[in-house]
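Novice: no sequence on this one, just coordinates:
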């Protein structure tokens, strides 16, 4: 006769064995994200090329409190005029104040990205996942 601990132990082992029996574990391919450490200025410029395989973006304005803002838009049709030219705090742009961080489901934003800062020498960090 099996005691309760023996029954519980054998039940757990049977359950775990059932999870993996007859099935090979799926292999995973891990990709290393591309990191872009940029310095942007007070005129609109491309900061990220188009990438149809892009799955996600992390974008950070690491400026100190009181530092410059960064405004981003799609290079193809973003910005106030719909021509891809980013303007500081402009309509059609995403503005990041100093220290701000956003995550973008980039399957929706695979075209090139332009940016502008409210002052020259502004740092911008972008991490792109594919």
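Specialist: Ah, there it is. Given the structure is predicted, the values throughout are model-derived calculations rather than measurements.
Novice: can we go C-alpha only for contacts and neighbour counts from here?
Specialist: Fine.
Novice: centroid residue for the chain?
Specialist: The centroid of the chain falls nearest to residue 57 when counting by C-alpha atoms, centre = their mean (1.9 Å).
Novice: Whichever helix or strand that residue is part of pairs with which strands?
Specialist: If you go by DSSP states H and E, residue 57 is part of strand 56-60. Sheet pairing of strand 56-60 (DSSP bridges) gives strand 101-104 (antiparallel), strand 122-129 (antiparallel).
Novice: Other residues contacting the longest one?
Specialist: Under the criterion C-alpha atoms under 8 Å, 6 or more residues apart in numbering, residues 31-41, 54-63, 68, 70 lie in contact with strand 122-129.
Novice: For it, buried residues please.
Specialist: Of the residues in strand 122-129, 122, 123, 124, 125, 126, 128, 129 count as buried by neighbour count, 16 or more other C-alpha atoms under 10 Å.
Novice: The first one pairs with what?
Specialist: On the basis of DSSP bridges, residue 122 takes part in beta bridges with residue 40.
Novice: Look up how far residue 81 lies from it.
Specialist: From residue 122 across to residue 81, the span is 24 Å (C-alpha to C-alpha, to the nearest Å).
Novice: Buried residues in stretch 35-54, which are they?
Specialist: Under the neighbour-count criterion of 16+ other C-alpha under 10 Å, stretch 35-54 has 40, 41, 42, 43, 44, 45, 46, 47, 48, 54 buried.
Novice: And stretch 101-115, by the same measure?
Specialist: For stretch 101-115, by 16+ other C-alpha under 10 Å, it's 106, 109, 110, 111, 112, 113, 114, 115.
Novice: chain center to that stretch: distance?
Specialist: Centroid separation for stretch 101-115 versus its chain: 8 Å, with C-alpha atoms, centre = their mean, to the nearest Å.
Novice: The closest residue to residue 44 other than its chain neighbours sits in which helix or strand?
Specialist: Taking C-alpha to C-alpha, 6 or more residues apart in numbering, and ignoring the residues beside it in sequence, residue 44 has residue 116 as its nearest neighbour in space, at 4.7 Å. Residue 116 is located in strand 113-117, with elements delineated by DSSP H and E.
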